[in-house]
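> Pasting the sequence and the predicted model now:
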Amino acid sequence: MHEYKKEETKVLERIICNGCGKIIAVKHGMPMEGVLQVRQVWGYMSGKDGQVDSFELCEECYDRMTEQFRIPPATTEAVELV
């Protein structure tokens, strides 16, 4: 969950992990640690037609979630880090 200093200027102050509630510091608009950001627009053929869900997870919550997968996430190496 993004938390802004001033809603009208959209100055990102911090991110709160939706899984555990951990506060993730932000400096100059950049999170100071790894964060998974998810935004899902539900379409037809779902029970959530037109609904938009979004959440953020810290790296620890991401690891806990993916450890439960029967098929692990595909992993490749990035050529350039932004």
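Perfect, I can see it now.
> my read is residue 15 is in a helix, agree?
No - secondary structure assignment (DSSP: H, G, I helix; E, B strand; the rest coil) places residue 15 in strand, not in a helix.
> What is the burial count for it?
By other Cβ atoms under 10 Å, the residues close to residue 15 number 22. From N, CA and C alone the C-beta is placed, and that goes for glycine too.
> What sits closest to it if chain neighbours are left out?
Excluding the flanking residues, the one nearest residue 15 by Cβ to Cβ, 6 or more residues apart in numbering is residue 24, at 4.3 Å.
> Which helix or strand contains that neighbour?
Under the criterion of DSSP states H and E, residue 24 resides in strand 23-27.
> What of residue 37?
Secondary structure from DSSP H and E places residue 37 in strand 35-41.
> Packing partners of the helix or strand following that strand?
Heading C-terminal from strand 35-41, the first helix or strand you meet, by DSSP H and E, is strand 52-58. Where contact means 3 or more Cβ pairs under 8 Å, 6 or more residues apart in numbering; DSSP states H and E, strand 52-58 is packed against strand 35-41.
> Pairing partners for the strand it packs on, with directions?
strand 52-58 (antiparallel) (DSSP bridges).
> what's next to the helix or strand following the strand it pairs with, contact-wise?
Next along the chain after strand 52-58, taking DSSP H and E as the criterion, comes helix 59-67. Residues outside helix 59-67 that contact it (Cβ atoms under 8 Å, 6 or more residues apart in numbering): 17, 18, 19, 20, 22, 33, 34, 35, 36, 57, 72, 73.
> Lovely, talk soon.
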